[in-house]
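Participant: need the 3D shape of this:
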Amino acid sequence: MPWTNQPGGNGGGDGNSRGPWGRLPSTGGGGRGIRPPDIEDWIRRARDRVREWMPRGLGGGGLLAVVLVIFGFWLVLGGVYIVNYNEQGVVMRFGKFVALTSPGIHYHLPWPIERAYTPDVQTVNQISIGFKPSADSSDTTQQTEDIDDESLMLTGDENIVDVNFTVNWKISDAVAYLFNVANPNDMSDTIKAVAESSMREIVGQREFDQILTSQREEIQVAVQELMQKTLDEYGAGVFVMGVKMQKVEPPPDVRSAYIDVQRALADQEKKRNEGEAYANRIIPVARGQAAQIVQDAQAYRQQVIANAQGEAKRFLSVLAEYRKSPDVTRRRMYIETMTNVLGPMNKVIVDDSAKGVVPYFQLPSMLKPQDQGAAKGAPTPQASAGSGSSSGSGDQGSSQ
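Facilitator: Here you go, the predicted model:
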């Protein structure tokens, strides 16, 4: 008997019908209370409707047959599922993994016995970090606006850099992807968080100028490896295919100042290159001149040594001859010396016995005209008063 028909309740014997928690049921029109649903009445009505659907004349066996037919249709049609070419089927039985299925038409026991999932394992997914991609273009790298909370990062030399990048990924292990992550539908958020954390860690280990210039490729590879390691530790069943840095710039507030600094650095590099070019051009010339001076000095040294050695050998040879006949050698040396000294000079011959200047013929003036050119360089004797080096006797006037 329904509990609403029982008198009393928590209200005692006041004759009012109360619910099990001591409150009066709400009243509608006519002042009667609303009763809870009668389970027995609901089952009786359902049985009557099933009998109305059944053909007349069917007894209990007919009802059983209809139930069996309905169960057969449910058993057959309720377990058919299709796996597309880019998907992989994962069959679970009472919540436990039992099989993987390839693309095609497959069957599993109907729910709640078995259930099949078909995650997409071939499509490459892309996530943008630091910017919102343009929705009007198929190119997801086209930026509409920066997300400063994601793009601004601290470098190893305590500068701030604005980094926008994308991550491409796909499912590598369907079972791990479905059951090792709390909500596979939010996997993009998980990968985005891992990507941002990995990029901040790698950028924090490098200097500002290196990030903007020479180490972009190295940073991309390092972020990809760190992301893959982290996701493997989570057991996410995801493969990171690549990380691409779209934009790496200083923050907008200091971008103009950074451009001025870069221009100054470019001018500095230009001047340095010009200086190195001048050094590369002038140093070989200076080295060649130095080598030439060294070679000239060595040649002069060899020449002086050779001349000194020749003079020494000549002196030794003269000394040897002098020792053989000192008088003859002494006279010959005297004559050679006087010839070298008096030869280019104008000479005047004076004879003491004649008490005056001895006339002599101007021999150069008596030469033939054709021979004067050869003797043109000979000195012309001029008479002059004074004493000169002379020796002679009588009219012979022989000079020595």
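Participant: poorly predicted segments of the stretch 251-400 of the chain, please.
Facilitator: 347-351, 354-400 (pLDDT under 70).
Participant: other SSEs contacting the helix or strand where Asp149 lies?
Facilitator: Element membership for Asp149, per DSSP states H and E: helix 148-151. If you count contacts as 3 or more Cβ pairs under 8 Å, 6 or more residues apart in numbering; DSSP states H and E, helix 148-151 packs onto strand 160-171. Where C-beta positions appear, they are placed from N, C-alpha and C, glycine not excepted.
Participant: can you rerun that using 10 Å?
Facilitator: strand 125-129, strand 160-171, helix 187-203, strand 238-249 (3 or more Cβ pairs under 10 Å, 6 or more residues apart in numbering; DSSP states H and E).
Participant: the last one: partners in the sheet, and parallel or antiparallel?
Facilitator: When you say that, I think you mean strand 238-249. Strand 238-249 has its sheet partners listed here by DSSP bridges as strand 160-171 (antiparallel).
Participant: what does the first one give?
Facilitator: With DSSP bridges as the test, strand 125-129 is paired with strand 160-171 (antiparallel).
Participant: what's next to the very next helix or strand once past the partner strand, contact-wise?
Facilitator: Next along the chain after strand 160-171, taking DSSP H and E as the criterion, comes helix 174-179. Identification of contacts with helix 174-179 by Cβ atoms under 10 Å, 6 or more residues apart in numbering yields 87-90, 92, 95-97, 100, 117-121, 170-171, 184, 187, 231-232, 234-238.
Participant: list buried residues within those residues.
Facilitator: Using 16 or more other Cβ atoms under 10 Å as the burial test, the contacts of helix 174-179 include 87-90, 92, 117-119, 121, 170-171, 184, 187, 231-232, 236-238 as buried.
Participant: beta partners of Val243?
Facilitator: Val167.
Participant: quick one: it from Gly156, how far?
Facilitator: 19 Å (Cβ to Cβ, to the nearest Å).
Participant: neighbour count for the two, which is higher?
Facilitator: Between Val243 and Gly156, counting by other Cβ atoms under 10 Å, Val243 is the more crowded of the two (24 against 14).
Participant: so that one is in contact with Phe165, correct?
Facilitator: Yes: proximity of Val243 to Phe165 meets the contact threshold set by Cβ atoms under 10 Å, at 6.1 Å.
Participant: got any residues that touch both of these two?
Facilitator: Ile129, Ala195, Met199, Ile219, Gln220, Val223.
Participant: among those residues, which two are most distant?
Facilitator: Largest separation among those by Cβ to Cβ: Ile129 and Ile219, giving 13.5 Å.
Participant: okay then, goodbye and thanks.
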